[in-house]
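Q: Got a predicted structure plus its sequence, pasted below:
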2 protein chains.
Amino acid sequence: MALGANQHHYVARVMRLGQGDGVRLFNGRDGEWLALLDGAQAVCSERLKVQPAGNGPWLLFAPPKRDRLRFLVEKATELGVGRLMPVTTERTEPPVVKTGKMRDWVQEAAEQCGRCDLPECAEQTSLQDVLETWPDDRSLLLCDETGAGKPLDQAMAAPMAFLVGPEGGFTPQEFDRLRGHEMVVPVSLGSHILRIETACLAALASWHLRSSGASVEDTSRGAPTS
Amino acid sequence: MALGANQHHYVARVMRLGQGDGVRLFNGRDGEWLALLDGAQAVCSERLKVQPAGNGPWLLFAPPKRDRLRFLVEKATELGVGRLMPVTTERTEPPVVKTGKMRDWVQEAAEQCGRCDLPECAEQTSLQDVLETWPDDRSLLLCDETGAGKPLDQAMAAPMAFLVGPEGGFTPQEFDRLRGHEMVVPVSLGSHILRIETACLAALASWHLRSSGASVEDTSRGAPTS
């Protein structure tokens, strides 16, 4: 494949690699490959990892402001999120998340952490629209600050998604609407009031440790493939 | 008590509170109190929360650079860390963490999340010195990127501390030295290579969910006190 201008700059100038040197490539479909540089081309020579099944949880979140958003996207990628879905709720503050920016951050984080697939980045959508088009087979774990939800561990089951509301929480009307959907399961993240990005990361970290066999309950699911 | 200049500014100008209005106070010893404003004084009137036992895990970490450090400190406070201990390892990059700065971030985060105690902030110390003065009764969970450690859930037991190494990891010599100590337990955080702050937060989130009764194993520990 031909390297893009940014990639070529990074490889040649930052990494100082040249003719015949090896780089690791992934495209989110074919696993991870060792490729050898040949001018502005990288020629695949050996497959290093098979593509993992992309079954990370989806994350629906009322977007926090800029630095926190970037951090959230980066950490969620490191922790194995499957799809990032910014949602607009009644108390969500503008502006709307730029999907292109989010894709850049996701790519950088995936390269950094050795993940060879990219989470999908959805356009920001209203909570209402998300609920109306929700797939039947996926549960939606509503991170509930009131502490009234189920223990998180009990509620986790693939396929699933986490939903984290804005600072100030969902309105009572939104709560009622959410609870009216069969796939919505309120879960508790403990007694402190966590910021948006902290709640997102706590939920994902808990899933990550389970699914990587880093938690006791899941050693039956087998070792990580890498 | 008399409000400090910053606190008074915040209360009077940012929150726009005046004579007789209520604020919530905590000092890390006596729980959380409702206090009524009287000029530049706040007079305690009613105790809202008893002081929780300060048994959050300690966090030892090779400090990441500025923004990531601030984020780490803030999130760790939200997730209930008991003591923040920056450590210098062979591959830790300068500069040294400013303890005063860390205290400011900790206080802000504690106020934000409704936590009524403050984690201690230790001066940055060499890993060597930390190990030599380690208390006998506290286990040190070494977050081990090689994936060879125990499942995290199996290793958690109070009192404990998490130790997260620098980008690039511990040197083989440091690993050997660590493994030579009886209180050190290598634990796995899964298959991705997590950045310093992500590893710290994943470990703390896992503890937080357990200890808040937000995880199945710990419902026996009772509900949060708030």
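A: Happy to help now that I have it.
Q: Torsion angles phi and psi at the closest residue to A:Thr88 other than its chain neighbours?
A: Distance criterion C-beta to C-beta, 6 or more residues apart in numbering or on different chains; nearest residue to A:Thr88, sequence neighbours excluded, is A:Ser126 at 4.9 Å. Every residue, glycine included, has its C-beta placed from N, CA and C. Dihedral pair for A:Ser126: phi -70, psi 150, per degrees, to the nearest 10.
Q: what separates A:Ser126 from chain B, distance-wise?
A: For A:Ser126, the distance to chain B (C-beta to the nearest C-beta, to the nearest Å) stands at 27 Å.
Q: Just the pLDDT at that residue, thanks.
A: Reading off the confidence values, A:Ser126 has pLDDT 96.
Q: so where's chain A uncertain?
A: Where chain A drops to pLDDT under 70, the residues are A:28-29, A:51-54, A:213-226.
Q: need the strands for it, in chain order.
A: A:22-26, A:32-38, A:41-49, A:58-61, A:83-88, A:120-121, A:125-126, A:139-143, A:150-151, A:160-164, A:184-188 (DSSP state E).
Q: For those, give me TSV that also has mean neighbour count.
A: As requested, the strands of chain A are exported to TSV (neighbours: other C-beta atoms under 10 Å in any protein chain shown):
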stretch	mean neighbour count
strand A:22-26	16
strand A:32-38	17
strand A:41-49	13
strand A:58-61	25
strand A:83-88	21
strand A:120-121	19
strand A:125-126	14
strand A:139-143	22
strand A:150-151	18
strand A:160-164	24
strand A:184-188	21
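Q: how does chain A divide into domains?
A: Under automatic domain parsing, the residue ranges defining each domain of chain A are A:5-49, A:58-219.
Q: Can you give me the distance of the residue sitting nearest the centre point of chain A to A:Glu46?
A: Among the residues of chain A, A:Val81 comes closest to the average C-alpha position under C-alpha atoms, centre = their mean, at 2.6 Å. Counting by C-beta to C-beta, to the nearest Å, the separation of A:Val81 from A:Glu46 is 29 Å.
Q: ok, now A:Arg138?
A: 36 Å.
Q: do A:Gly31 as well
A: Distance from A:Gly31 to A:Glu46, by C-beta to C-beta: 11 Å.
Q: Then A:Pro86?
A: Taken as C-beta to C-beta, the span from A:Pro86 to A:Glu46 is 38 Å.
Q: now A:Met102
A: Distance from A:Met102 to A:Glu46, by C-beta to C-beta: 32 Å.
Q: now do A:Leu69
A: Taken as C-beta to C-beta, the span from A:Leu69 to A:Glu46 is 37 Å.
Q: Could you do A:Glu90 as well?
A: 52 Å.
Q: how about the residue lying closest to A:Val97 once chain neighbours are set aside, what does it touch?
A: Leaving aside its sequence neighbours, A:Val97 sits nearest to A:Pro86 (C-beta to C-beta, 6+ apart; 4.3 Å). Contacts for A:Pro86 were tallied using C-beta atoms under 8 Å, 6 or more residues apart in numbering or on different chains; they are A:60-63, A:96-97, A:102, A:122-125.
Q: what about 7 Å?
A: Counting by C-beta atoms under 7 Å, 6 or more residues apart in numbering or on different chains, A:Pro86 touches A:61, A:63, A:97, A:124.
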